[in-house]
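A.B. asks: I need the structure of the sequence given here:
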Amino acid sequence: MTDSISAQVKQVLVDTLDVDFRPGDIDDRLSLYSTTISLDSLTLLRLITELERVFGCEIDDEAVMSADLVDVGSLVELVLGQLDVAGVAMAQADPAGQGVPQ
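C.D. replies: As a prediction, this is how the structure comes out:
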């Protein structure tokens, strides 16, 4: 599951920031602030917004601010953490796993 999420995050990174990489060629240790990716506050906002859309979750602003986003791996960890939080919230809202009544 983690590998799948990592691949999806890297695909979003490539698509959103239009970097000249194939997602599978991106190393988790690649700096988000390298000349290749050149992340800044506006591109971070675009990237987070697209990750929220793709994964169907809200990435908490405080989580972004407290995350040490230095490389691709740290971005993947942020998304994994937010998906875990979303999964816990869904399980608490529907502990029987039968769907929340409409």
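A.B. asks: what about the residue nearest the centre of the chain, which helix or strand?
C.D. replies: The residue lying closest to the centre of the chain (C-alpha atoms, centre = their mean) is residue 79, at 3.5 Å. Counting by DSSP states H and E, the element that carries residue 79 is helix 72-93.
A.B. asks: check the gap between the residue nearest to the centre of the chain and residue 27 for me.
C.D. replies: Note on residue 79: its distance to residue 27, by C-beta to C-beta, to the nearest Å, is 17 Å. Any C-beta I mention is one placed from the backbone N, CA and C, and that applies to glycine too.
A.B. asks: kindly report the same for residue 8.
C.D. replies: 16 Å.
A.B. asks: more neighbours: which of these two?
C.D. replies: Using other C-beta atoms under 10 Å as the criterion, residue 8 and residue 27 rank with residue 8 on top: 16 against 11.
A.B. asks: pLDDT value on the more buried one, please?
C.D. replies: On the pLDDT scale, residue 8 is placed at 96.
A.B. asks: ok, for it, nearest residue in space, not its chain neighbours?
C.D. replies: residue 54 (6.5 Å; C-beta to C-beta, 6 or more residues apart in numbering).
A.B. asks: repeat that for residue 64.
C.D. replies: Nearest non-adjacent residue to residue 64 (C-beta to C-beta, 6+ apart): residue 48, at 6.2 Å.
A.B. asks: number of residues surrounding the one you found?
C.D. replies: 22.
A.B. asks: same deal with the one 3 residues further on?
C.D. replies: Other residues within reach of residue 51, judged by other C-beta under 10 Å, total 20.
A.B. asks: show me what contacts it?
C.D. replies: Going by C-beta atoms under 8 Å, 6 or more residues apart in numbering, residue 51 touches 9, 12, 59, 79.
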